[in-house]
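Peer 1: generate coordinates for the sequence data below:
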Amino acid sequence: MTAHTALIDRYFDIWNETDSRRRQVLIEKTWASDATYVDPLLSAQAHDGIDAMIRAVHERFPHHTFRRTTAVDGFADRLRFSWELSTPDGVSIVKGSDFGQVDADGRLRAVTGFLDEAPGVA
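Peer 2: The predicted structure follows:
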C-alpha cells in the first residue's frame, strides 16, 4: 500500500466515523491544520471546519457510508480517487471524484470534490 493510499483510506475512515472524539483524532492525523475542502455543495477550512462539515453530512445521511471505488492515483504532492456514498442497505446514491494536495508531512492540504452521479445532477 502506498502512502497516498493509506492517507486516503484514513480520509474515508474520517467520513464514516460517527464518534466525534475519534473523528477529531483522525482529522488531526490526516489533515494539515490549515487544510481546505470544497465541492459543489460543501466547503470547510481547518480541523474544526472539516469536523463540522462531516458532522452535518452524518446528520443529513444517518448510517450512510462512504467508500473508495478506485485506486488512488498520484504523483508528487497531488492525488485523485473516486468514491461512492451508500445507504444503510448498500445502495449507491452519490458517486464522485476527488483531487487532493498533500503537504510535506504527508497530510492533506486541500481536497476538491466533484459529483459524478447524484440525484438531480445531469
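Peer 1: for the protein, just list every one of the strands.
Peer 2: 31-38, 43-45, 65-68, 73-75, 78-86, 92-102, 108-117 (DSSP state E).
Peer 1: just the buried positions in the fourth one, please.
Peer 2: Residues Gly74 are the ones in strand 73-75 that count as buried (16 or more other Cβ atoms under 10 Å). Glycine gets a C-beta too; all of them are placed from N, C-alpha and C.
Peer 1: and for that strand, what's in contact with it?
Peer 2: Outside strand 73-75, the residues within contact range by Cβ atoms under 8 Å, 6 or more residues apart in numbering are Thr2, His4, Leu79, Arg80, Phe81, Val102.
Peer 1: and the second one, by the same measure?
Peer 2: With Cβ under 8 Å, 6+ apart as the test, strand 43-45 has contacts from Asp34, Ala35, Thr36, Tyr37, Val38, Ile50, Ala52, Met53.
Peer 1: let me see the mean pLDDT of stretch 48-58.
Peer 2: For stretch 48-58, mean pLDDT rounds to 97.
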